[in-house]
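Engineer: here's my sequence, what's the structure:
(one chain, ligands or ions: 1)
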Amino acid sequence: MNLSGNTVLITGGASGIGLALAERFLKAKSEVIICGRRQDKLQEAKQKFPALHTKVCDVANANERVALLEWIETEFPETNVLVNNAGIQHRVNLDAGTAGWEHYRQELLINLEAPVHLCILFIPHLKKVNPSAIINVSSGLAFSPGAFAPVYSATKAGLHSFTLSLRHQLSKTSIEVIEIVPPAVNTDLGGPGLHTFGVPVNEFADSVMNRLANGEQEVGYGTSEKNRLASRQELDEIFKRMNG
Ligand SMILES: NC(=O)c1ccc[n+]([C@@H]2O[C@H](COP(=O)([O-])OP(=O)(O)OC[C@H]3O[C@@H](n4cnc5c(N)ncnc54)[C@H](OP(=O)(O)O)[C@@H]3O)[C@@H](O)[C@H]2O)c1
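Structural biologist: Residues are numbered from 1 along each chain as shown. Presented below is the predicted three-dimensional model:
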């Protein structure tokens, strides 16, 4: 895809991978709108990159997703790229089974229901602005689950599957469907300090943007690149190695 001249909406864009992508789209001379639940994080991001536009939105809430599209159509009708990046990760042991349903449901809502609904909501809008793109952020765990995060891994496998079908169904339209497949990246996902073993976010984002510019539609990095290209037998070996 062409990285410049776009108007890009990034959910969960105030931190981590979303903010790193936002910074790079700005640098490439695109307009960028970021949304998230925490006003203070959005403000912090705007202080760092004053050109950013911000919007408080909880994508777990279906009404707020509808309102987000309405706001975009009024304030930024030229928006031509939707990046479904917002996500949470809960490390849970289902054998202990102590968390209430709402704890698990939030992961399903934010990581799977929200991006699926936002894609469906935005398709008619994105057809009007040519060229356009949907970028879904899944995970290497979509291909080989992390047993420490069973619901999270399932949501990412679901998002990967949905993205494949979406790309197929939109192949005759002007909407390009892209999937970013991060490996472990050093962000605050799941809480501060849980992903310090991951690759630096800037290194990851630089690689992703180069490959998007080259026209690739499914982009991993390091271990997630291996996962996404692995055979079933290799995935079984990766699962055993990763989950002990
Ligand atoms: N870091 C990794 O190792 C890794 C690996 C594979 C995939 N990923 C994926 O990459 C994406 C970005 O994660 P990250 O690593 O950059 O973590 P992060 O820094 O925690 O970023 C997640 C962002 O999502 C926002 N968010 C969460 N729930 C939201 C909601 N209900 N509505 C709107 N925004 C919401 C958060 O802001 P608020 O809390 O203010 O809403 C935050 O800005 C996620 O989809 C994640 O699953 C990350």
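
Engineer: the strands in this structure, which residues?
Structural biologist: With DSSP state E applied, the chain shows strands at 7-11, 31-36, 53-56, 81-84, 132-137, 175-180, 218-219, listed in chain order.

Engineer: closest to the ligand out of those?
Structural biologist: The closest of the strands of the chain to the ligand is strand 31-36. By C-beta to the nearest ligand atom, the value is 3.6 Å. All C-beta atoms are positioned from the backbone trio N, CA, C, and that covers glycine.

Engineer: elements contacting the closest one?
Structural biologist: Counting contacts by 3 or more C-beta pairs under 8 Å, 6 or more residues apart in numbering; DSSP states H and E, strand 31-36 is packed against strand 7-11, helix 16-27, helix 39-48, strand 53-56.

Engineer: who touches it?
Structural biologist: Defining contact as C-beta atoms under 8 Å, 6 or more residues apart in numbering, one finds that strand 31-36 is touched by 6-15, 18-19, 22, 25-26, 42, 45, 51-57, 59, 68, 72, 76, 78-79, 86.

Engineer: any of the residues you listed buried? List them.
Structural biologist: Neighbour counting over those (16 or more other C-beta atoms under 10 Å) leaves 6-15, 18-19, 22, 25-26, 42, 45, 52-55, 57, 59, 68, 72, 76, 79, 86 as the buried ones.

Engineer: near the ligand too, which of those residues?
Structural biologist: 11-12, 14-15, 18, 57, 59, 86 (C-beta under 6 Å from any ligand atom).

Engineer: relative to the ligand, which of these is nearest.
Structural biologist: Nearest to the ligand among these is residue 12, at 2.5 Å by C-beta to the nearest ligand atom.

Engineer: what's the closest non-adjacent residue to that closest one?
Structural biologist: Take residue 12 and drop its neighbours on the chain: the residue closest to it by C-beta to C-beta, 6 or more residues apart in numbering is residue 86, 3.1 Å away.

Engineer: returning to that earlier point: adding distance to residue 212 and pLDDT, write the ones next to the ligand among the buried ones among the contacts of strand 31-36 out as JSON lines.
Structural biologist: Listed next are these as JSON lines, based on distance: C-beta to C-beta, whole Å; pLDDT from 0 to 100:
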{"residue": "11", "distance to residue 212": "17", "pLDDT": "98"}
{"residue": "12", "distance to residue 212": "18", "pLDDT": "98"}
{"residue": "14", "distance to residue 212": "21", "pLDDT": "98"}
{"residue": "15", "distance to residue 212": "20", "pLDDT": "98"}
{"residue": "18", "distance to residue 212": "15", "pLDDT": "98"}
{"residue": "57", "distance to residue 212": "24", "pLDDT": "98"}
{"residue": "59", "distance to residue 212": "22", "pLDDT": "98"}
{"residue": "86", "distance to residue 212": "19", "pLDDT": "98"}
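
Engineer: for the residue nearest the centre of the chain, what are its contacts?
Structural biologist: By C-alpha atoms, centre = their mean, the chain has its centre lying nearest to residue 85, at 2.3 Å. Going by C-beta under 8 Å, 6+ apart, residue 85 touches 10-13, 17-18, 21, 135, 137.
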